[in-house]
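Novice: Starting from these lines, generate the structure:
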Amino acid sequence: MATTPIIQLSETVFVAGQIQPEHMAELSAQGFQHVICNRPDHEVPGQATMDDMAEAAQLAGVNFTRYPIDGANFPGQDLAALTALFDSGDRVLAYCRTGTRCANLWVATRSEADQSAAIDVARGIGFDLSLALVWRG
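Specialist: Next comes the predicted model:
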């Protein structure tokens, strides 16, 4: 996983750019219990599909959730379910092309009381939070 840095947002929530099916066993060994794909299939040629990733996750004993979004459909259809995953206490890795969409989703799922701290964390790392901030208003 040396080519795909994993960035910690909270005690249990991490984000990354595109990972590959062969990373799932390593993620499992690192204690990740859940992987969330926030990237639509076929954004770029040669990108691992969600089917490929789900199969690799299953083989590695990691739960896999498909939650693809882009700027047009942010924050997606079931933000409450995504919030529950982020707040489950499981060690969760969300990925997209760069980790930015995932960080925006994490900020969007934070309660009003926790949102300022989440924004500070994500901005401090260097994430552009335009999606979450425009959506929240």
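Novice: Settle this for me: R110 is touching A118, isn't it.
Specialist: Yes. Using Cβ atoms under 8 Å, R110 makes contact with A118 at a distance of 4.3 Å. Placement of C-beta: from N, CA and C, glycine included.
Novice: measure W135 to P45 for me?
Specialist: Remark: distance between W135 and P45 (Cβ to Cβ, to the nearest Å) = 29 Å.
Novice: Do a quick rundown of the helices in this structure.
Specialist: In the chain, helices defined by DSSP state H lie at 24-29, 50-60, 79-86, 100-109, 112-125, 130-136, listed in chain order.
Novice: right, so these: which one is the most enclosed?
Specialist: Most buried of these by mean neighbour count (mean count of other Cβ atoms under 10 Å) is helix 100-109; its value is a mean of 26.
Novice: related to what we said a few turns ago, how about TSV for the helices of the chain, with distance to I6 added?
Specialist: TSV is the format used below for the helices of the chain (distance: least, Cβ to Cβ, whole Å):
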stretch	distance to I6
helix 24-29	9
helix 50-60	15
helix 79-86	15
helix 100-109	11
helix 112-125	12
helix 130-136	20
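Novice: Take those helices and write them to a markdown table, including distance to L93 and mean pLDDT.
Specialist: Shown next, in a markdown table, are the helices of the chain (distance: least, Cβ to Cβ, whole Å; pLDDT from 0 to 100):
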| stretch | distance to L93 | mean pLDDT |
| --- | --- | --- |
| helix 24-29 | 6 | 97 |
| helix 50-60 | 10 | 98 |
| helix 79-86 | 11 | 97 |
| helix 100-109 | 9 | 98 |
| helix 112-125 | 15 | 96 |
| helix 130-136 | 19 | 92 |
